[in-house]
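> Here you go, sequence then predicted model.
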Amino acid sequence: MPTIFQLAERQMNFNIDSKALVKTNFSTPNTSSMTAKQTVEANIARIGFAQTLAQLQSRNTVNSSTILNPQVPSVAVKEGDTLTGIVKNQMQAMGKPVSHNEAARLAQDIARANGLSNPDRIFPGQRLNLAALSPQTVNSNTADAQTALTMNAAAQPKALSVMRQTPNNLGNQHPVLQKTLDRAVAKGFIPAEDRQKVFEKIVNMSRTYQFAPDDFARLTLMESDGMNPKATNNRCHGIIQFCDGPDRGAASAGFGSNPKAILGHSVLEQLDMVSKYFDETGLRNGGPTSLDDLYLTVLTPSARREKAPDASLNIAGTQAQHLYVNRDKTAPITRNSIMQGLYQNALERLGKHDSSMLAQSTPSAASGLPTPGNALSRAQALRIGAYLNPDYVR
């Protein structure tokens with residue numbers, strides 16, 4: 001593998017002794033025994049090399065910290081690579097294969113570690129630091145702690161340490177679900193006296209259908225603004241948007257003849273309908289359920305047959321903008337884009353949570369949410385009110 005100095009030398013088309021340059025630390029050359037022409041050429045080489053080195057680093061073409069530290073694992077991006085695919089291959093090579101769901105989450109960590117604002121934007125020749133995939137890093141996190149960190153690691157760098165200090169705290173059990181329920185109570189979606197029953201029912205369902213409780217919360221944040229039992233776009237209704245039509249969600253839940261009647265039922269009652277729908281769609285038969293499979297079960301169950309993470313999924317109608325690749329509605333919807341969209345949507349919606357409610361709940365760092373000082377004021381939260389995603393069209 002060429003060093004950063006060799007890359008800079010090639011970029012300049014100069015024949016420079018990189019070892020000599022390192023040794024002299026780009027100091028002014030001794031010109032006492034050099035002709036005027038040699039002195040000029042030496043100065044040009046010295047200045048040009050430094051400029052080229054800076055350009056290579058600023059373009060992120062070369063991660064110099066990785067090259068100069070051979071103990072840090074790294075990989076060069078090849079044509080057709082995706083960050084999630086790189087993570088899966090690396091973990092497989094380490095003898096620790098991961099699911100697509102876990103690989104997508106780890107890809108977010110890699111993106112942050114390499115200063116990438118968009119995990120989808122990598123290019124051939126780019127070198128990525130994979131230190132975040134080291135066994136020490138991966139194994140030190142619990143599943144729920146990793147989920148919370150994924151939501152807002154940049155804003156809450158101490159989240160993991162806080163969660164380790166209070167492993168038995170109720171708020172640390174499925175933090176995304178806890179915050180979603182707090183928010184649902186604050187918005188009037190769930191009566192306060194029903195909150196614990198709703199939590200327990202979702203956790204029990206997660207054992208039956210083998211999904212993460214936090215993933216169910218992310219699903220409802222996209223479909224019904226976080227368990228609004230009266231959410232509707234006139235064709236789909238309730239907390240997971242049971243849709244009208246034969247062999248669709250409302251019919252599976254037992255409301256084929258009068259789908260809008262679903263809106264008269266509480267969240268607790270609708271969760272029973274969700275269980276019935278999951279049985280109808282064969283969710284319990286597929287083993288551990290990833291976030292993308294869970295969401296596709298609600299959106300378009302037949303699309304679950306496509307397993308490739310970046311393949312275009314056959315999903316009818318216009319969907320929420322978050323679900324498309326790069327949020328571009330002219331682009332396809334893929335498993336990867338669904339994963340990223342659900343995570344980002346959850347962060348945006350929970351980030352609007354009333355600051356007073358954040359203060360009453362578990363520590364912000366443990367929940368993966370902004371601190372109360374960074375959250376919206378009560379007046380701002382009340383002005384926002386309950387709302388539905390205007391992009392729901394099925």
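Received the coordinates, thanks.
> show me where the stretch 51-200 of the chain has strands.
Listed in chain order, the strands found in the stretch 51-200 of the chain under DSSP state E, counting those that start in this stretch are 74-76, 127-129.
> Could you list every helix and strand in contact with the last one?
When you say that, I think you mean strand 127-129. For strand 127-129, the packing partners by 3 or more CB pairs under 8 Å, 6 or more residues apart in numbering; DSSP states H and E come out as helix 64-67, strand 74-76, helix 100-113. Using the backbone N, CA and C atoms, a C-beta is placed for each residue, glycine as well.
> burial of residue 327, as a residue count?
Residue 327 is flanked by 14 other residues according to other CB atoms under 10 Å.
> what's around the residue nearest to it when sequence neighbours are not counted, how many residues?
Spatial nearest neighbour of residue 327, excluding adjacent residues (CB to CB, 6 or more residues apart in numbering): residue 321 at 5.0 Å. By other CB under 10 Å, the residues close to residue 321 number 14.
> Could you do residue 246 as well?
7.
> Isn't residue 316 up against residue 303?
No. Using CB atoms under 8 Å as the test, residue 316 is too far from residue 303 to be in contact (9.9 Å).
> Looking at these two, which one has more neighbours?
residue 303 (20 against 10).
> contacting residues for the nearest residue to the more buried one once chain neighbours are set aside?
Spatially, and ignoring its direct neighbours in sequence, residue 303 is nearest to residue 313 (4.5 Å; CB to CB, 6+ apart). Each residue near residue 313 by CB atoms under 8 Å, 6 or more residues apart in numbering is listed here: 296, 300, 303, 306, 332, 333, 334, 335, 338.
> Find me the pLDDT at residue 313, would you?
If you check residue 313, the pLDDT there is 96.
> same question, residue 256
Value for residue 256, per-residue pLDDT: 76.
> do the same with residue 209
Model confidence at residue 209 (pLDDT) stands at 94.
> Ok, residue 212 next?
95.
> Phi first, then psi, for it.
phi -80, psi 130 (degrees, to the nearest 10).
> For the stretch 151-300 of the chain, just list every one of the helices.
Remark: helices assigned in the stretch 151-300 of the chain by DSSP state H, counting those that start in this stretch are 159-165, 175-187, 195-209, 213-224, 249-252, 267-280, 291-299.
> Now the second one: buried residues?
Of the residues in helix 175-187, 175-187 count as buried by neighbour count, 16 or more other CB atoms under 10 Å.
> pLDDT (mean, whole number) over that helix?
For helix 175-187, the per-residue pLDDT averages 96.
> Which elements pack onto it?
helix 143-152, helix 195-209, helix 213-224, helix 335-350, helix 355-360, helix 364-367.
> try 10 Å this time
Other elements packing on helix 175-187 under the criterion 3 or more CB pairs under 10 Å, 6 or more residues apart in numbering; DSSP states H and E are helix 143-152, helix 195-209, helix 213-224, helix 335-350, helix 355-360, helix 364-367, helix 378-384.
> do the same with the shortest one
If contacts are counted by 3+ CB pairs under 10 Å, 6+ apart, helix 249-252 sits against strand 236-237, strand 242-243, helix 267-280.
> quick check: angle from the last one to helix 213-224?
Inter-element angle recorded for helix 267-280 and helix 213-224: 100 degrees (by axes from the mean of the first three to the mean of the last three CA atoms, to 10 degrees).
> So which bits of helix 267-280 are buried?
267, 270, 271, 273, 274, 275, 277, 278, 280.
> out of these, what pair is the most spread apart?
Pairwise distances across the buried residues of helix 267-280 peak at 19.9 Å for 267 and 280 (criterion: CB to CB).
> can you give me the end-to-end distance of stretch 79-86?
12 Å (CA to CA, to the nearest Å).
> Quick check, residue 111 in contact with residue 120.
Yes. Contact between residue 111 and residue 120 holds when scored by CB atoms under 10 Å: they sit 9.1 Å apart.
> Need the residues touching each of these two.
Residues touching both residue 111 and residue 120 (CB atoms under 10 Å, 6 or more residues apart in numbering): residue 83.
> Retrieve the pLDDT associated with residue 18.
For residue 18, pLDDT reads 42.
> one step back: would TSV of the contacts of residue 313 with pLDDT and distance to residue 235 be doable?
Output for the contacts of residue 313, formatted as TSV (pLDDT from 0 to 100; distance: CB to CB, whole Å):
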residue	pLDDT	distance to residue 235
296	95	19
300	90	15
303	92	19
306	93	24
332	95	23
333	96	19
334	96	25
335	96	25
338	96	21
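> Check the residues you listed for burial and list the buried ones.
296, 300, 303, 333, 334, 335, 338.
> Max pairwise distance over those: which two?
300 and 334 (12.9 Å).
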